[in-house]
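Trainee: Sharing a model prediction with you, sequence too.
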Amino acid sequence: MKIRIRADIILDVDNAATAKAIFEFLKQHKSLFRIIRRGQVAEERSYIIIEKCYHDEDPTKPCEVIAEIRAE
C-alpha cells in the first residue's frame, strides 16, 4: 500500500515567496518520492512542479514551469 498526496494550489503573485517555501519544503523530502509499476506502461512517478500560471489573463497563455522535481 502507498499513501498519495496530490495538491494543486494556486497562489496570487503576492504569495510567490510562500509558493517557493512550500516547493522547497517538498523538495527536501524528495527521498520519500516513489515510483510504482516502474517501467510499465501504467508507471506512476512522484513529482512536484512550480509554475507561473496565466490562465486568469485574457487572452490566456500556457503555464511557465519554474522548477520541477520527479522521482528517479
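Mentor: Alright, I've got the coordinates. Please read all numbers here as calculations on a predicted model, not as lab measurements.
Trainee: What segments of the protein are strands?
Mentor: Ranges of strands in the chain, per DSSP state E, are 35-36, 44-45, 47-52, 64-70.
Trainee: And the ones you listed: which comes nearest Lys2?
Mentor: strand 35-36 (6.5 Å; Cβ to Cβ). Backbone N, C-alpha and C define where each C-beta goes, glycine included.
Trainee: Going along the chain, name the helices of this protein.
Mentor: 16-28 (DSSP state H).
Trainee: For it, give me the ranges with low pLDDT.
Mentor: Judged against pLDDT under 70, the chain has no low-scoring part.
Trainee: Turn the strands of the chain into TSV, columns for distance to Lys20 and mean neighbour count.
Mentor: Compiled in TSV, those are given as follows (distance: least, Cβ to Cβ, whole Å; neighbours: other Cβ atoms under 10 Å):
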stretch	distance to Lys20	mean neighbour count
strand 35-36	26	14
strand 44-45	23	14
strand 47-52	7	15
strand 64-70	8	12
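Trainee: Include distance to Asp8 when you put these into TSV, please.
Mentor: Below are those laid out as TSV (distance: least, Cβ to Cβ, whole Å):
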stretch	distance to Asp8
strand 35-36	20
strand 44-45	16
strand 47-52	10
strand 64-70	14
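Trainee: To Ala7, which of these lies closest?
Mentor: strand 47-52 (8.6 Å).
Trainee: Of the strands of the chain, which is nearest Phe23?
Mentor: It is, among the strands of the chain and with distance given as Cβ to Cβ, strand 47-52, at 4.5 Å.
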